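In: Sequence plus predicted model, see below.
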Amino acid sequence: MNKTLMTMTLLLLMGIMPVGAADFASKRLQSIAMSLRLSGLDTLHSGTHHQYRYRGHQLCVRVNKNREIEHIGLLLFSQQYRNAATPMICDFLERNLLERNITALDEELKFQQRGEHVYFVKGTASTALTLDTINVSGISEDWIEFKTYRVTWSRNGKEVLRVTFDIDCQMLLGCNSIELEEHFIKRLKRYESHGYDIKKWEFPKHTNVYVAAGDTFLIKEMRNELFYERGKAGWHLTNDKEHVTKSLNNMLLSLEFEGNPQLELTLDKFGYVSETISLPYKNWLQMCLDDGCTPFFGIKERTDSHYKGTILMANPKCGYVHLLSVDIPIDTIKNYGNGKIYGRLYVYNPMHNLSKDYFKQ
């Protein structure tokens, strides 16, 4: 038996086959898998898996439909709780509390953790090993706008663990800015549109126009109201060349808009490099909505040939904003939204870095 075969046989007997054959959504997840010596990850089908354990505690491993490992952590939240909470926060806590308990954590992960602002007000990281989704009777999540999260676990009415941490998207996602950019563009290229819930408005009975009131972001010009009108077939989003600004607003903010514009998107990335792709505009819009973002739009310039503006995809609970500068030829509006949109995108901008001064430049 040659040396390589002997090594592989020994690893099989120990149950620690190398994890290199598996694909990971981030380098951090790969480091966790290597530290834990998790075997068989490359054989897992898409979905959530609970067969792995660490120091007696059940782990949660999730595989996306592209067969990438997109989450590894302690199992701390039921699916019912996740459905009502912020998924990114659940993933972060499960992953981070696992990392802090790994005795063989590699040096890169230790270095990353030293720069993260996570504080234990009650209990320690090892307390998480005593928690599960059955014997913990209460979990509370408090969010201080743009700044901090506080998550508390209680058992039989008594608080056992309280963790506070900064709302920092790089820390929450476990990726640096370069990885976040690559991850975003890869997801966008793969994205497949799907069904969505249609907002039920109380339309007025005695008029043919209706403004679905929205909100503003930082300045009053960045808005997200929608404009409806009543036609022969009933109420629909305004989409005509007689009402350009209303149609433009609807086209950029709503999946229900009847037209299907195509987005020529240039992503500006770290290191003064860029990448350009073409895709349906609604794919970009829907993916951001799936991630929990709220869109806002403001017009910066208008001429006889085009409109220029900014779309902000704001995700305050995860601490980031995507900024998309758009140039829309007037012909796209005249063709009921069936045309080109040209955009330049900057992703995962920390929300606390964005101020009203941005719009004065």
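Out: Done, it's in.
In: Now for Phe285: which residues touch it?
Out: One thing to correct before we go on: residue 285 is Leu, not Phe. Neighbouring residues of Leu285 by C-beta atoms under 8 Å, 6 or more residues apart in numbering: 252-253, 255, 295. Where you see a C-beta, it was placed from the backbone N, CA and C, and this is true even at glycine.
In: Can you flag which of those belong to strands?
Out: Residues of the contacts of Leu285 located in strands (DSSP state E): Pro295.
In: Of the contacts of Leu285, which belong to helices?
Out: Under the assignment DSSP state H, these contribute 252-253 to helices.
In: So in terms of bridging, what pairs with the nearest residue to Thr48 once chain neighbours are set aside?
Out: Excluding the flanking residues, the one nearest Thr48 by C-beta to C-beta, 6 or more residues apart in numbering is Arg62, at 4.9 Å. Beta-bridge pairing of Arg62 under DSSP bridges involves Thr48, His71.
In: ok, Arg62 - contacts?
Out: By C-beta under 8 Å, 6+ apart, the neighbours of Arg62 are 47-49, 69-71.
In: Now do it against His71, distance only.
Out: Counting by C-beta to C-beta, to the nearest Å, the gap from Arg62 to His71 is 4 Å.
In: same check, this time on Tyr346
Out: According to C-beta to C-beta, Tyr346 and His71 sit 26 Å apart.
In: One more: Phe165?
Out: Going from Phe165 to His71 by C-beta to C-beta gives 17 Å.
In: who's in contact with the residue nearest the centre of the chain?
Out: When C-alpha atoms, centre = their mean is applied to the chain, the residue found nearest the centroid is Asp291 (3.9 Å). Asp291 sits next to 315, 318 when contact means C-beta under 8 Å, 6+ apart.
In: Mind doing that once more with 6 Å?
Out: For Asp291, no residue meets the contact criterion (C-beta atoms under 6 Å, 6 or more residues apart in numbering).
In: Now it. Its backbone dihedrals?
Out: phi -80, psi 0 (degrees, to the nearest 10).
In: again, but for Leu188
Out: Dihedral angles for Leu188 - degrees, to the nearest 10 - are phi -70, psi -40.
In: quick one: contacts for it?
Out: Neighbours of Leu188 in contact, by C-beta under 6 Å, 6+ apart: none.
In: and it, how far is that from Lys317?
Out: 21 Å.
In: can the contacts of Leu285 go into TSV with extra columns for neighbour count and distance to Trp235?
Out: As requested, the contacts of Leu285 are exported to TSV (neighbours: other C-beta atoms under 10 Å; distance: C-beta to C-beta, whole Å):
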residue	neighbour count	distance to Trp235
Leu252	23	20
Leu253	22	17
Leu255	14	16
Pro295	20	21
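In: what's the closest of the contacts of Leu285 to Lys122?
Out: Nearest to Lys122 out of the contacts of Leu285 is Pro295 (C-beta to C-beta; 38.0 Å).
In: The spatially closest residue to that closest one that is not a sequence neighbour and Glu181: what is the separation?
Out: Once flanking residues are discounted, Pro295 sits nearest to Leu253: 5.1 Å by C-beta to C-beta, 6+ apart. Distance of Leu253 to Glu181, given as C-beta to C-beta: 24 Å.
In: Okay, buried residues for stretch 231-239 please.
Out: Within stretch 231-239, the residues scored as buried using 16 or more other C-beta atoms under 10 Å are 237-239.
In: Turn these into TSV, columns for secondary structure, distance to Arg95 and pLDDT.
Out: Shown next, in TSV, are the buried residues of stretch 231-239 (DSSP: H, G, I helix; E, B strand; the rest coil; distance: C-beta to C-beta, whole Å; pLDDT from 0 to 100):
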residue	secondary structure	distance to Arg95	pLDDT
Leu237	strand	40	96
Thr238	coil	45	96
Asn239	coil	44	94
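In: Skip ahead from the helix or strand of the chain with the lowest mean pLDDT and say which helix or strand is next.
Out: Scoring the helices and strands of the chain by mean pLDDT, DSSP states H and E places helix 3-14 at the bottom, with a mean of 40. Counting by DSSP states H and E, the next helix or strand C-terminal to helix 3-14 is strand 23-24.
In: what's downstream of that next one, the next helix or strand?
Out: Next element after strand 23-24 (DSSP H and E): helix 27-36.
In: Now do that next one: distance to the chain's middle.
Out: 21 Å (C-alpha atoms, centre = their mean, to the nearest Å).
In: helices or strands up against that helix?
Out: strand 68-74 (3 or more C-beta pairs under 6 Å, 6 or more residues apart in numbering; DSSP states H and E).
In: Mind listing residues that contact the strand it packs on?
Out: Around strand 68-74, the neighbours that count as contacts under C-beta under 6 Å, 6+ apart are 22-25, 29, 32, 41, 57, 60-64, 91, 94-95, 97-98, 128.
In: List buried members of the residues you listed by neighbour count.
Out: For the contacts of strand 68-74, buried by 16+ other C-beta under 10 Å: 22-25, 29, 32, 41, 57, 60-63, 91, 94-95, 97-98, 128.
In: Tell me how this protein divides into domains.
Out: According to automatic domain parsing, the chain comprises the domains 19-175, 187-192+207-360.
In: Confirm that Gly337 sits in a strand.
Out: No - counting by DSSP: H, G, I helix; E, B strand; the rest coil, Gly337 is not part of a strand but coil.
In: thinking it is in contact with Gln262, fair?
Out: No - counting by C-beta atoms under 6 Å, Gly337 does not reach Gln262; the two are 10.2 Å apart.
In: Good, we can wrap up now.
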